[in-house]
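[1] structure of the sequence below:
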Amino acid sequence: MKFIEEERNNILKEYELGVSEGPVPIVAIMQNSLTGELFEQRALIDENIYRPMLGGYYEGEDGRTLLDESVIWWKIQLDKIDNLIETRPY
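    Presented below is the predicted three-dimensional model:
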């Protein structure tokens, strides 16, 4: 729940989102198939492929995956409330 409160405060009080908003730089260690020599390959991943969280408990996780998980969690919670209301005697 701390994660939810921190993100809420970032958005409402600091006007910041914890999800990256641009291409993500990566460094891949590659190996030459002929010589076996290792070398670095630098690239930018398009923001529509990967949108990592910039900090906190979920740093590095794709923000869209976390949003999907949050929606599922909220649906379960709201369904439980609906079930309690439906089964409550009047």
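[2] quick one: secondary structure of the closest residue in space to residue 32 that isn't next to it in sequence?
    Distances taken as CB to CB, 6 or more residues apart in numbering place residue 39 nearest to residue 32, at 6.8 Å, with adjacent residues excluded. Glycine gets a C-beta too; all of them are placed from N, C-alpha and C. Following DSSP: H, G, I helix; E, B strand; the rest coil, the label given to residue 39 is strand.
[3] residue 39 is in contact with residue 27, isn't it?
    No - applying CB atoms under 8 Å, one finds residue 39 not in contact with residue 27, separated by 10.6 Å.
[4] that older thread, the residue nearest to residue 32 - how many residues pack around it?
    Neighbourhood size, residue 39 [other CB atoms under 10 Å]: 10.
[5] check residue 52 too.
    Residue 52 has 17 neighbours, counted by other CB under 10 Å.
[6] next one: residue 54
    16.
[7] let me know the pLDDT of it.
    As predicted, residue 54 sits at a pLDDT of 77.
[8] the one 4 residues further on now?
    Per-residue confidence for residue 58 comes out at a pLDDT of 82.
[9] how close does it get to residue 35?
    To residue 35, residue 58 is 39 Å away according to CB to CB, to the nearest Å.
[10] between these two, which one's more packed in?
    residue 58 (18 against 8).
[11] and the gap between the spatially most central residue of the chain and residue 56?
    By CA atoms, centre = their mean, the chain has its centre lying nearest to residue 63, at 2.0 Å. Separation of residue 63 from residue 56 (CB to CB): 11 Å.
[12] how about the secondary structure of residue 29?
    When classified by three-state DSSP, residue 29 comes out as strand.
[13] show me the shaky parts of this structure.
    1-4, 6-22, 47 (pLDDT under 70).
[14] where exactly do the strands run in it?
    24-31, 38-45 (DSSP state E).
[15] okay, the last one in PDB with CA atoms only?
    The C-alpha trace of strand 38-45 is given here as PDB (Å, rounded to 0.1, in the frame of the first residue of the first chain):
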ATOM      1  CA  LEU A  38      32.700  -9.400 -25.800                       C
ATOM      2  CA  PHE A  39      31.600  -5.900 -26.700                       C
ATOM      3  CA  GLU A  40      28.800  -3.500 -25.700                       C
ATOM      4  CA  GLN A  41      25.900  -2.600 -27.900                       C
ATOM      5  CA  ARG A  42      24.000   0.500 -26.900                       C
ATOM      6  CA  ALA A  43      20.500   1.200 -28.100                       C
ATOM      7  CA  LEU A  44      17.300   3.000 -27.300                       C
ATOM      8  CA  ILE A  45      14.100   1.000 -26.700                       C
END
